[in-house]
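In: need the 3D shape of this:
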Amino acid sequence: MSDIGKTPFYTIERAIKMYRQFAQRRLVAAGSSITVDQWLVLNAIEAEPGIQQGTVAEMVFKDKASIARMIDLLVEAQLVTRTIPQEDRRSVSLALTRKGAKQLTLLAPVVKDYRSKALKGVSATEVAALKVTLDKLISNCDE
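Out: Residues are numbered from 1 along each chain as shown. As a prediction, the model looks like this:
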């Protein structure tokens, strides 16, 4: 067990967890009540209005049940609308409300700032090399 920190996967997991906590603290400090995951969901919906819940789940790497609960909260907060298309009553289309779009606009500089701070001292070359390495890991694990 003492060797757990020697694997790159431990370091990747630790970096992800620390970054998410860092990002969440910045969102809270900015007066936001949404989570990092909710922010990601709002971005997915903004990028593709009318997107299906299942597609959002795939985009943000969450299971469908978690996304359904998250969407419920976003609808309750009046940040997202959920409609059931007449042509396929089994699907659910999502769209941002004006309040949801405003939330993204207000948080954009906050997100840009905390991303910049997280990458402080990391060169563009290092970021590119990291992406190549992570893409290789993803490819190796994609069955």
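In: ok, now how distant is the residue nearest to residue 107 when sequence neighbours are not counted from residue 25?
Out: Nearest residue to residue 107, sequence neighbours excluded (CB to CB, 6 or more residues apart in numbering): residue 32, at 6.0 Å. Yep, even glycine has a C-beta here, placed from its N, CA and C like the rest. Separation of residue 32 from residue 25 (CB to CB, to the nearest Å) stands at 11 Å.
In: look at those two and report which has more neighbours.
Out: In terms of neighbours (other CB atoms under 10 Å), residue 32 is the more surrounded of residue 32 and residue 25; the figures are 17 against 11.
In: can you tell me the helix or strand for residue 107?
Out: According to DSSP states H and E, residue 107 maps onto helix 98-118.
In: give the other helices and strands that that helix contacts.
Out: The elements that helix 98-118 packs onto, with contact taken as 3 or more CB pairs under 8 Å, 6 or more residues apart in numbering; DSSP states H and E, are helix 8-29, helix 36-47.
In: show me what contacts the residue nearest to residue 107?
Out: Contacts for residue 32 were tallied using CB atoms under 8 Å, 6 or more residues apart in numbering; they are 39, 103, 106, 107, 110.
In: just residue 110 next, same as before
Out: 26, 27, 30, 32.
In: now flag whichever of those is closest to residue 120.
Out: Closest approach to residue 120 among the contacts of residue 110 (CB to CB): residue 26, at 13.7 Å.
In: spatially nearest residue to the closest one, not counting backbone neighbours?
Out: residue 114 (4.1 Å).
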